[in-house]
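Student: I'd like to go over a predicted model; first the sequence, then the structure.
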There are 2 protein chains.
Amino acid sequence: MSILVVGSVAYDTIKTPYGEVQKALGGSATYFSAAAVHLSPVKIVGVVGEDFDVSHYSFLKKRGADLSGLNKIKEGKTFHWSGEYEGDMNEARTLSTCLNVFEHFKPQLSVEHKKSKYLFLGNIDPDLQLNVLKQVENPKIIALDTMNLWIDLKLTALKKAISKVDLLIMNDKEALSFTKTDNLVMAAKMLNKLGPKAVIVKKGAHGSYMRFGKNQFSIPAYPLERVIDPTGAGDSFAGGVMGFLATNKTLTFNNLKKAMIYGTVLASFNVEAFSVTKLKNLKKSELALRYREFIKIIGV
Amino acid sequence: MSILVVGSVAYDTIKTPYGEVQKALGGSATYFSAAAVHLSPVKIVGVVGEDFDVSHYSFLKKRGADLSGLNKIKEGKTFHWSGEYEGDMNEARTLSTCLNVFEHFKPQLSVEHKKSKYLFLGNIDPDLQLNVLKQVENPKIIALDTMNLWIDLKLTALKKAISKVDLLIMNDKEALSFTKTDNLVMAAKMLNKLGPKAVIVKKGAHGSYMRFGKNQFSIPAYPLERVIDPTGAGDSFAGGVMGFLATNKTLTFNNLKKAMIYGTVLASFNVEAFSVTKLKNLKKSELALRYREFIKIIGV
C-alpha cells in the first residue's frame, strides 16, 4: 500500500569534507520518499516554489509516486537550506535556512489522500501535524518525526501530536532534550509512555534503538568505510521503516525490527553520495544484498 | 584454562554525577580480572605499594585467581588515578595520575606463568608488552590493549607489539588517532592489516565493532537506564572477551562474536556501580540472564 508523507521539499547547498553541492534536491519528504519507494509507493504532500523543477522527481514517479499533493506556488521560491559537516560528521552546522514558500505551508489533503492507511508526518510544525491528523480518516499506522525547533518552541502541541501517533521516530539529541534526561534508554521509555506504541531513537552513525513497551531492540549502523554526506540519513531511515511497514504490515515488535533493518540499510546507501544520487539509482539486487550482509554483520 | 593478565593495579578517586569514591580498587588488571573470573581463572602480574591491602583481591582469590605475580614494593605507594565524568560520561577528565610504583613496573614472569596459553597485555608501555611477549613460551591466544599515551610517545614499539598479537582491542578514539583516519571501519581494517587476526574497536556506550579479515561483527552496548561509573568498562569488556576465549577456545570469528557478547554484558554490570562493587558480587544466574536478554535485544 502507499504511504502519505507530509514534509519539506527543499534545495540544499551542502559542504562536507568530500565535496560540495549547490541547490541539490533535499528536504525531509524527498529523502523519506527516495528510500521508501524501494519498498512501497508514496504520495507526497508538500510545497515548492516556481523555481522547482518537477522533473527532479521523475525517479519517484517512475516508481509510482503520487505528486498530486505537491503544491507549486506561483512566484514563490522553494525552501533552501545550507549547511556543512566537519569532523565525525554526526551533526550539521546550519549556514542558512530560507523557508520561503515552506513558511506558509498548510497541508490540505485531497479526498483520496484522507483515506491513506500509512502516514508519515515529517518534522514540520506540530500544529500542522495535528491538523493533518484531523484530516486522515482511518489510518492503520501513523509515524511522526520532529526536530529541536519544535521541542523548544511548541512543546505542548508536540506532546499532543505524539500522543496521537503509533510510532515516534526521533534522533538521540532530540530525545534527550525532550525528556530532559542524559540517558537514551530512559528517554525512549519516557517517550513511549506519552502514547505511541513504539519509539525509535535514531543515533546517526551509532545505529538505532527501539522501545515497544517492555521490548527493546538495538542495532548499530551499517558499517561504511566512507560517509560522503549524512544529510537525509534520518529521513531515509524513516522511509525504509515505513516503506517496509506499508507492505501491509501491522505494528508488531517483530515487524518493527525488520523495518529498522530496512531503514538502516537504505540510510547507509543515502549517505554514500550527495543528495539522493545513490538512492535514485539503487537497484533491487543491491538493496537485497546489503540487507543480507547487514543481517550477517549483526547476527550472533 | 587460566589467563595471564599483565596490567595496572590502582587506587582510583572518582567523581561522577551519581557520587564519588576515594581510593577505590581500580586499574586495568583489576577490572579485567573482576570480569574474566566469571568465566575463567586469572593470574595477575602487576605491582602495588606497601599501602595495598591484598584482601581487596579476596573476591578474585575465591574464584581461583593466582596472585603470585603481584609484586608488593616495600615502602612504595600504589598507582593512584583520579578523574571525573560529566555529561554523557563517555570520557573521563583526568584530575591526577600518580604512577608511584607503577612507574618502574617491569613484569618478570615465573616459570609457570611463562607457560600460559591465554595472555592479556593491558595498556602498559609497549616496550614492556614486547618484553612480556618474549617471555611467554607457547601461547594460544594473545590479546593487547593500549592507550593514547603510547600512540603519542611510542608508536614504533607499539606497532611492533601489535604485529605480534592475535587480537587487538582498542577504543574508538585510539583507533582513529593511531590510523589517522576519521572512520572507524577504515581504522579497524588498517589495524587488522598490521598483523593481528582480529581487531575489536570498543565504542563505549555505542557498543563494539570487530574486524576479522573480511568478516565484520557489530553490536550495540547493553541498554542501561543508568550508568553510575564508566571506569573500567573497556577493561571489563576485554575481561569478558578473554574469559570466554580461555574456556579452551580457538580464535575463530564465531568464538569472537560470543566473546564480545560476554564482554558487553560484563562491562554493563561493571558500569552500574563504582569500582568493582557490582562485578565482585555478581551471580552466575545474573550473568546468564543478562546474556540471554542481550541476545534477544540484538536479535532479528
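Tutor: Sure, I can see it.

Student: And what about A:R211, helix, strand or coil?
Tutor: Using DSSP: H, G, I helix; E, B strand; the rest coil, the structure places A:R211 in strand.

Student: brain fart, A:D235
Tutor: A:D235 - assigned by three-state DSSP - is helix.

Student: got a list of what it touches?
Tutor: A:7, A:28-32, A:35, A:122, A:145 (CB atoms under 8 Å, 6 or more residues apart in numbering or on different chains). Quick note: C-beta positions are derived from backbone N, CA and C, even for glycine.

Student: Let's see which of those end up in strands.
Tutor: In strands, defined here by DSSP state E, the members of those are A:D145.

Student: want to try JSON lines for the contacts of A:D235, with neighbour count as columns?
Tutor: Below are those laid out as JSON lines (neighbours: other CB atoms under 10 Å in any protein chain shown):
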{"residue": "A:G7", "neighbour count": "26"}
{"residue": "A:S28", "neighbour count": "27"}
{"residue": "A:A29", "neighbour count": "26"}
{"residue": "A:T30", "neighbour count": "31"}
{"residue": "A:Y31", "neighbour count": "31"}
{"residue": "A:F32", "neighbour count": "33"}
{"residue": "A:A35", "neighbour count": "32"}
{"residue": "A:G122", "neighbour count": "27"}
{"residue": "A:D145", "neighbour count": "26"}
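
Student: Tabulate the contacts of A:D235 (a markdown table), appending pLDDT.
Tutor: Below are the contacts of A:D235 laid out as a markdown table (pLDDT from 0 to 100):
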| residue | pLDDT |
| --- | --- |
| A:G7 | 97 |
| A:S28 | 97 |
| A:A29 | 98 |
| A:T30 | 98 |
| A:Y31 | 98 |
| A:F32 | 98 |
| A:A35 | 98 |
| A:G122 | 96 |
| A:D145 | 97 |
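
Student: What distance do you get for A:V185 to chain B?
Tutor: Going from A:V185 to chain B by CB to the nearest CB, to the nearest Å gives 4 Å.

Student: Repeat that for A:P107.
Tutor: 35 Å.

Student: I'd like to know how many residues surround that residue.
Tutor: 20 (other CB atoms under 10 Å in any protein chain shown).

Student: give me every residue that touches it.
Tutor: A:P107 neighbours (CB under 8 Å, 6+ apart): A:6, A:45-46, A:69, A:124, A:128, A:131-132, A:135.

Student: Repeat that for A:I73.
Tutor: A:47-50, A:101.

Student: Repeat the analysis, applying 7 Å as the threshold.
Tutor: A:47, A:49-50, A:101 (CB atoms under 7 Å, 6 or more residues apart in numbering or on different chains).

Student: cool, A:S28 as well?
Tutor: A:7-8, A:122-123, A:235.

Student: same thing but at 8 Å, please
Tutor: So A:S28 contacts A:7-8, A:122-123, A:145, A:232, A:235 (CB under 8 Å, 6+ apart).

Student: what's the spacing between it and chain B?
Tutor: From A:S28 over to chain B (counting by CB to the nearest CB), the distance is 25 Å.

Student: go on, A:L99?
Tutor: In terms of CB to the nearest CB, A:L99 sits 32 Å off from chain B.

Student: what's the answer for A:G299, then?
Tutor: The value you get for A:G299 to chain B, if CB to the nearest CB is used, is 7 Å.

Student: hmm, back to that, out of the contacts of A:P107, which touch chain B?
Tutor: Counting by CB under 8 Å from any CB of the partner chain, the subset of those that neighbours chain B is empty.

Student: Apart from its neighbours in sequence, what residue is nearest the most centrally placed residue in chain A?
Tutor: For chain A, A:D235 is the residue whose C-alpha lies nearest the centre (CA atoms, centre = their mean; 2.4 Å). The shortest distance from A:D235 to any non-neighbouring residue, by CB to CB, 6 or more residues apart in numbering or on different chains, is to A:Y31 (3.6 Å).

Student: Quick check: the one you found touching A:S236?
Tutor: Yes - applying CB atoms under 8 Å, one finds A:Y31 in contact with A:S236, separated by 4.8 Å.

Student: tell me the secondary structure for the residue of chain A most remote from its centre?
Tutor: What lies farthest from the middle of chain A is A:V300; by CA atoms, centre = their mean that is 29.2 Å. Using three-state DSSP, the structure places A:V300 in coil.

Student: pretty sure it contacts B:K258?
Tutor: Yes - with contact defined as CB under 8 Å, A:V300 reaches B:K258; the gap is 7.3 Å.

Student: okay, now A:T97: neighbour count?
Tutor: Neighbour tally, A:T97, other CB under 10 Å: 14.

Student: what comes into contact with stretch A:153-171?
Tutor: A:121, A:125-127, A:129-130, A:133, A:141-146, A:150-151, A:178, A:191-192, A:194-204, A:234, A:237-238, A:241, A:251, A:256.

Student: Tell me the residues of chain A that contact chain B?
Tutor: Checking chain A against chain B by CB under 8 Å from any CB, the hits are A:17, A:87-89, A:182-186, A:189, A:203, A:206-207, A:209, A:216-220, A:223-227, A:257-258, A:261, A:295, A:297-300.

Student: swap the cut-off to 7 Å and go again
Tutor: Residues of chain A lying near chain B by CB under 7 Å from any CB of the partner chain: A:87-88, A:182-183, A:185-186, A:206-207, A:209, A:216-220, A:223-226, A:257, A:261, A:295, A:297-298, A:300.

Student: From the residues you listed, keep the buried residues only.
Tutor: For those, a burial check counting by 16 or more other CB atoms under 10 Å in any protein chain shown picks out A:183, A:185-186, A:206-207, A:209, A:216-220, A:223-224, A:257, A:261, A:297-298.

Student: mind listing which of those residues are in helices?
Tutor: Cross-referencing those against helices under DSSP state H gives A:185-186, A:257, A:261, A:297-298.

Student: about what we covered before: mind listing the shared neighbours of A:Y31 and A:S236?
Tutor: With CB under 7 Å, 6+ apart, A:Y31 and A:S236 have common neighbours A:N270.

Student: still on that earlier bit, for the residue nearest to A:D235, give its distance to A:L130.
Tutor: 23 Å (CB to CB, to the nearest Å).

Student: Strands along the stretch 201-300 of chain A, start to end?
Tutor: Counting by DSSP state E, counting those that start in this stretch, the stretch 201-300 of chain A has strands at residues A:208-212, A:215-219.

Student: can you pull the contacts of A:M242?
Tutor: A:3, A:36, A:118, A:120, A:143.

Student: Could you rerun that using 8 Å?
Tutor: A:3, A:5, A:32, A:36, A:40, A:118, A:120, A:141, A:143, A:259 are the contacts of A:M242 under CB under 8 Å, 6+ apart.

Student: repeat for A:V132
Tutor: Neighbouring residues of A:V132 by CB under 8 Å, 6+ apart: A:6, A:45, A:107, A:109, A:119, A:121.

Student: give me that answer again for 7 Å
Tutor: Applying CB under 7 Å, 6+ apart, the residues contacting A:V132 are A:6, A:107, A:109, A:121.

Student: any chance of these in TSV, plus pLDDT and distance to A:F269?
Tutor: Converted to TSV, the contacts of A:V132 look like this (pLDDT from 0 to 100; distance: CB to CB, whole Å):
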residue	pLDDT	distance to A:F269
A:V6	98	24
A:P107	96	28
A:L109	98	30
A:L121	98	24
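
Student: and the two most separated of those?
Tutor: A:L109 and A:L121 (12.0 Å; CB to CB).

Student: So the two - more neighbours on which side?
Tutor: A:L121 (28 against 21).

Student: so the more buried one touches A:M147, yeah?
Tutor: No - if you go by CB atoms under 7 Å, A:L121 and A:M147 don't touch, sitting 11.9 Å apart.

Student: What's the end-to-end length of stretch A:114-131?
Tutor: The first residue of stretch A:114-131 is 12 Å away from its last residue (CA to CA, to the nearest Å).
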